[in-house]
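Novice: dropping the sequence and predicted coords here.
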Amino acid sequence: MRRSFALLVVLVGIALAGPARRSNHVLHETRALEPVEWVKSRRLEADFILPMRFGLAQSNLDKIEEMLASVSHPRSLKYGQHFSSAEVIDTFAPNQHTIRAVTEWLVDSGISRDRIRLAANKGWIHVNATAAEAEDLLNAEYHVYSHLSGAEQIGCHNYSVPAHIQQHVDLIKPTVHFNHRTGPNAHGRRSGGLGRPAFGGGPKMSTGNRVVTINPTMANCDEFITLDCLRALYKINYTPVATHKNSFGIVEFTPQAYLPGDLDLFFRNFSPSSVGVRPKAVLIDGAVIKNPSISFDFNGESDLDLQYAMGLVAPQRVTLLQTGDLSQGAGFDNWLDAVDGPFCTFAGGDDPHQDGIYPDAAGSQPSCGVIAPPYVVSISYGQDEATATTFYAKRQCWEYAKLGMMGTTVVYSTGDDGVAGFGGVCLNASHHESFRGKVFNPEFPASCPFVTAVGATQINPGSTVNDPEGACEQVIFSGGGFSNIFPLGSYQVHAVNSYVHAHLTPSPYPGQYNDSGNVRAFPDVSANGANYVVGIDGEFELLYGTSASAPVFGSIITLINDARLAIGKRPVGFINHVIYDPIFAPAFNDIKSGGNAGCGTPGFTAAAGWDPVTGVGTPNFKRLLSIFKTLP
């Protein structure tokens, strides 16, 4: 499911004099975690050019949840009446006082006005500044950090701004946002890196890389999951008819890439009408479909996502949002750029440490608003929440809320390490990642309350598609738990409080997770994540992961959108208000067994109703469709 952040910069130079200290500055942001496997090697040379981005405080953010609920709550009179992009921009644009205050600060600090650029949505100010200028502006020291792999990146431990400016700035980049891991194939290049192979990332293969040599049937779905197994499990019996109106996007991060031959191998066996069909490719930031590297590590994720998404929604065309070039890859902000122009590079939110920065040396150009947001977007990637600063995570999370306001369902997988983080890493008492840590390590963006987070289930060994599933405990454990950043979503208050009262009072793991009772809990829903038969590199293999669960659930919402569009209604958009509503309870298969072990504990336990292992359960498409069709 997860791809490591290979956040890499090739730098040279010797450190020069430190920044002058300004007495009127106050601390604004500190690095979320100190790097464990990186060494501070030297000061950054004073004349190195940094693409500085000043994220201006947006207006009306206190209204964002209310506005989102107004078009997504099933009992709202405005349900489905989604906002236009222009309405969203106008609502949240920073006010003139904020723009003026930050601009004057920069000018007074020696940055000429002709170097200052304001984003189209007035949300960001961009300045190319030398390291010496940035250090002076922010009372910071920029260093070069080195990794044993040879990779390097830059950053500062903390930074400050004038006291009168602090209320006008959310965050400044590049500063404290540090990527803590590098993939084995990153050779010292700067990169967004979500698609780079790394230990613990992406879907998992069966023990011993088990190859499928028998013909899967409905009788052995507990060992081999196929399209027919999923249709039987979730009562899917629907063929799309409004394909010209509907849209479904799958995000992949280069160098992950599907192989056309793998698609046809899968389709010949499980969806013959789809042989020869390819996704509609939207190439973002110089992305390419063909990757010269052919192996499970480079093809497994994309092959899995596309084979099952395309198979379940056929004949609906799937849009592949292939993100990042082979030179530097990409991060979450890059795909957001492509569907949300105002958020775009040099006029938006990209982070040179978290994301690919374009144009780049390879000649790849930024893709800004090149496609309307698909009605459903599925993403099977993530990062440990602890590796993101609060400002960074919130800024991105607000963008997902805005997409929901415009009618898009954003689906994220929750990770495959139970209550632990990437690769099974947990947190220590100071909430720093540590191989000896015992504190639970939640997943982002799944922990954002404005996405739909999807966990994983399994058909228990010896059971059939007619028996209740359990939480996935084969090869992987469904990611789930409680955020350390985000507040409890209004839509889940009752469900979460009920679980906490019944199963976490008193807490079985005091001090090991955020048990305040007022934070975002996830997942929201689940779908099967075990024993997927996938065509990879010319043969069938078994894969496991919430990497599979997310596109399967996204496919089901896409089919529901088709049925609504066919009768003249709108897509469902943000669905969390709906799936937690009591009227929808019968539309989910409640998962009552299994857990999500991690951090040396059994983790949480699945139970009746919502739980932090499988959410409200798995979908019953027939019932979901029936209720969704009754909504306006």
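Specialist: Looks like it came in fine.
Novice: so what touches the helix or strand where residue 136 lies?
Specialist: Counting by DSSP states H and E, the element that carries residue 136 is helix 131-138. Residues from elsewhere that reach helix 131-138 (Cβ atoms under 8 Å, 6 or more residues apart in numbering): 16, 18-20, 25, 44-50, 52, 106, 109-111, 129, 140-142, 156, 159-161, 172, 175. Quick note: C-beta positions are derived from backbone N, CA and C, even for glycine.
Novice: from those, which ones fall inside helices?
Specialist: Judged by DSSP state H, helices contain the following of the contacts of helix 131-138: residue 106.
Novice: drop anything exposed from the contacts of helix 131-138.
Specialist: For these, a neighbour count by 16 or more other Cβ atoms under 10 Å gives the buried set as 19, 25, 44-46, 48, 50, 52, 106, 111, 129, 140-142, 156, 159-161, 172, 175.
Novice: mind listing what residue 237 touches?
Specialist: Contacts of residue 237 by Cβ under 8 Å, 6+ apart are 231, 621-622.
Novice: and it, how far from residue 526?
Specialist: Residue 237 is 21 Å from residue 526, where distance means Cβ to Cβ, to the nearest Å.
Novice: wait, a helix at residue 484?
Specialist: No - assignment of residue 484 by DSSP: H, G, I helix; E, B strand; the rest coil gives strand, placing it outside any helix.
Novice: phi and psi next, for the nearest residue to it once chain neighbours are set aside.
Specialist: If the residues on either side of it in the chain are set aside, residue 484 comes closest to residue 514, at 5.3 Å by Cβ to Cβ, 6 or more residues apart in numbering. Dihedral pair for residue 514: phi -80, psi 100, per degrees, to the nearest 10.
Novice: next up, phi/psi of residue 89, please.
Specialist: According to degrees, to the nearest 10, residue 89 has phi -60, psi -50.
Novice: what about it, how many residues nearby?
Specialist: If you count neighbours by other Cβ atoms under 10 Å, residue 89 ends up with 18.
Novice: how about residue 148?
Specialist: Neighbour count of residue 148, defined by other Cβ under 10 Å: 9.
Novice: nearest spatial neighbour of it, skipping sequence neighbours?
Specialist: residue 37 (7.0 Å).
Novice: quick check: that neighbour vs residue 147, distance?
Specialist: From residue 37 over to residue 147 (counting by Cβ to Cβ), the distance is 6 Å.
Novice: who has more neighbours out of the two?
Specialist: Set residue 37 next to residue 147 and count neighbours by other Cβ under 10 Å: residue 147 wins out with 21 against 11.
Novice: can you pull up the bridge partners for the more buried one?
Specialist: Note on residue 147: beta-bridge partners by DSSP bridges are residue 38.
Novice: which pLDDT value goes with it?
Specialist: Residue 147 carries a pLDDT value of 76.
Novice: and stretch 385-396, C-alpha only, in PDB?
Specialist: Output in PDB follows, covering the C-alpha atoms of stretch 385-396 (Å, rounded to 0.1, in the frame of the first residue of the first chain):
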ATOM      1  CA  GLU A 385       1.000  10.700  10.100                       C
ATOM      2  CA  ALA A 386       3.900  11.400  12.500                       C
ATOM      3  CA  THR A 387       6.200  12.300   9.500                       C
ATOM      4  CA  ALA A 388       3.900  15.200   8.600                       C
ATOM      5  CA  THR A 389       3.800  18.500  10.400                       C
ATOM      6  CA  THR A 390       0.400  19.600  11.600                       C
ATOM      7  CA  PHE A 391       0.300  22.500   9.300                       C
ATOM      8  CA  TYR A 392       1.300  20.400   6.300                       C
ATOM      9  CA  ALA A 393      -1.300  17.700   7.000                       C
ATOM     10  CA  LYS A 394      -4.100  20.100   7.700                       C
ATOM     11  CA  ARG A 395      -3.400  22.200   4.600                       C
ATOM     12  CA  GLN A 396      -3.700  19.100   2.400                       C
END
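Novice: quick one: distance of that stretch to the chain centre.
Specialist: Counting by Cα atoms, centre = their mean, to the nearest Å, stretch 385-396 is centred 12 Å from the centre of its parent chain.
Novice: swap in stretch 544-562?
Specialist: Relative to the chain's own centre, stretch 544-562 is displaced by 15 Å; criterion: Cα atoms, centre = their mean.
Novice: so how far is stretch 125-134 off the chain centroid?
Specialist: On Cα atoms, centre = their mean, the centre of stretch 125-134 falls 29 Å from that of its chain.
Novice: now do the end-to-end distance for it.
Specialist: End-to-end span of stretch 125-134 (Cα to Cα, to the nearest Å): 14 Å.
Novice: mind listing what's buried along that stretch?
Specialist: For stretch 125-134, using 16+ other Cβ under 10 Å, the buried residues are 125-127, 129-134.
Novice: the domain parsing of the chain - what is it?
Specialist: Using the TED database, the domain ranges for the chain come out as 25-58+93-173, 208-243+255-317+369-630.
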